[in-house]
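Trainee: sequence and computational prediction follow.
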Amino acid sequence: MRRVVLLFMCLIFFGALLRAGLNPALSAESPQPAGSPSTPVAKTPSISVPESTYDFGEVTEDGKVSHDFIVKNTGEGPLEINQVRPG
């Protein structure tokens with residue numbers, strides 16, 4: 001009985017490793033031979049927001065306030081901002 005339980009646990013463990021892609025022999029990426037051109041890496045954007053919050057202090061009910069936030073793309077690719085939600 002102990003052998004069956006141990007075998008079952010080993011199968012689950014190795015199955016999880018294979019599913020997680022930790023087995024290099026079965027991974028989708030194969031090593032490239034020396035001297036072959038490497039796959040080009042896509043240029044990715046990176047967003048930088050130095051000031052992510054701002055405290056307006058006390059504001060009256062009918063008071064209007066505004067503040068400009070500076071957003072900078074510090075990456076290599078184009079940065080697309082698809083949605084902005086006020087907090």
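Mentor: That came through fine.

Trainee: for this protein, which spans come out with low pLDDT?
Mentor: 1-2, 4-11, 13-38, 87 (pLDDT under 70).

Trainee: checking Ile12 next. Helix, strand or coil?
Mentor: helix (DSSP: H, G, I helix; E, B strand; the rest coil).

Trainee: I'd like the distance between it and Glu80.
Mentor: To Glu80, Ile12 is 42 Å away according to CB to CB, to the nearest Å. No exception for glycine: its C-beta is placed from N, CA and C like everyone else's.

Trainee: which parts of this structure are helices?
Mentor: All helices of the chain, identified by DSSP state H, fall at 2-20.

Trainee: which stretches in it count as strands?
Mentor: With DSSP state E as the criterion, the chain has strands at 47-48, 72-73.

Trainee: so which of those is nearest Pro86?
Mentor: strand 47-48 (17.6 Å; CB to CB).

Trainee: what's that closest one packed up against?
Mentor: Where contact means 3 or more CB pairs under 8 Å, 6 or more residues apart in numbering; DSSP states H and E, strand 47-48 is packed against strand 72-73.

Trainee: the strand it packs on: partners in the sheet, and parallel or antiparallel?
Mentor: If you go by DSSP bridges, strand 72-73 pairs up with strand 47-48 (antiparallel).

Trainee: quick one on the thing from earlier: Thr39: which of the strands of the chain is closest?
Mentor: Per CB to CB, nearest to Thr39 of these: strand 72-73, 23.9 Å.

Trainee: between Ile12 and Glu80, which one's more packed in?
Mentor: Neighbours per residue (other CB atoms under 10 Å) separate Ile12 from Glu80, with Ile12 holding more: 10 against 7.
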